[in-house]
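Q: I'll drop the sequence and a predicted model, then ask my questions.
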Amino acid sequence: MSLLWCSRIQVDRAYSKAVNVLSFLKKLMNIMEMNEQWVTARIKQ
């Protein structure tokens with residue numbers, strides 16, 4: 001029982017870490033996209 005509990009905690013940790021990485025990447029992509037739009041707007045001027 002305790003072994004199962006430990007492995008479950010490890011899985012939860014790994015999952016939350018993956019979710020954090022995904023949300024971080026999503027934020028990063030949003031920032032990059034905004035920068036790209038800003039640069040293209042500057043070039044068009």
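A: Everything's here; your move.
Q: and stretch 16-23, how far out from the chain middle?
A: Computed by C-alpha atoms, centre = their mean, to the nearest Å, the chain-centroid distance of stretch 16-23 equals 5 Å.
Q: put the alpha carbons of it into CSV.
A: Output in CSV follows, covering the C-alpha atoms of stretch 16-23 (Å, rounded to 0.1, in the frame of the first residue of the first chain):
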residue,chain,number,x,y,z
SER,A,16,2.4,18.8,-12.3
LYS,A,17,6.0,19.5,-13.6
ALA,A,18,4.9,18.6,-17.2
VAL,A,19,1.8,20.9,-16.8
ASN,A,20,4.1,23.7,-15.5
VAL,A,21,6.4,23.3,-18.4
LEU,A,22,3.5,23.3,-20.9
SER,A,23,2.0,26.5,-19.4
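Q: and residue 44, how many neighbours?
A: The number of residues packed near residue 44 is 6, by other C-beta atoms under 10 Å. C-beta: built from backbone N, CA, C; applies to glycine.
Q: I meant residue 35, not that one.
A: For residue 35, using other C-beta under 10 Å, the count is 10.
Q: pLDDT weak spots in this protein?
A: Applying pLDDT under 70 to the chain flags residues 1.
Q: mind listing the helices for it?
A: 2-44 (DSSP state H).
Q: residues of stretch 10-24 that come out buried?
A: Across stretch 10-24, burial judged by 16 or more other C-beta atoms under 10 Å covers no residue at all.
Q: quick one: that stretch to chain centroid distance?
A: If you compare the mean C-alpha spot of stretch 10-24 with that of the full chain, they lie 9 Å apart, counting by C-alpha atoms, centre = their mean.
Q: before we move on, what about stretch 28-45?
A: Its chain's C-alpha centre and that of stretch 28-45 lie 20 Å apart, by C-alpha atoms, centre = their mean.
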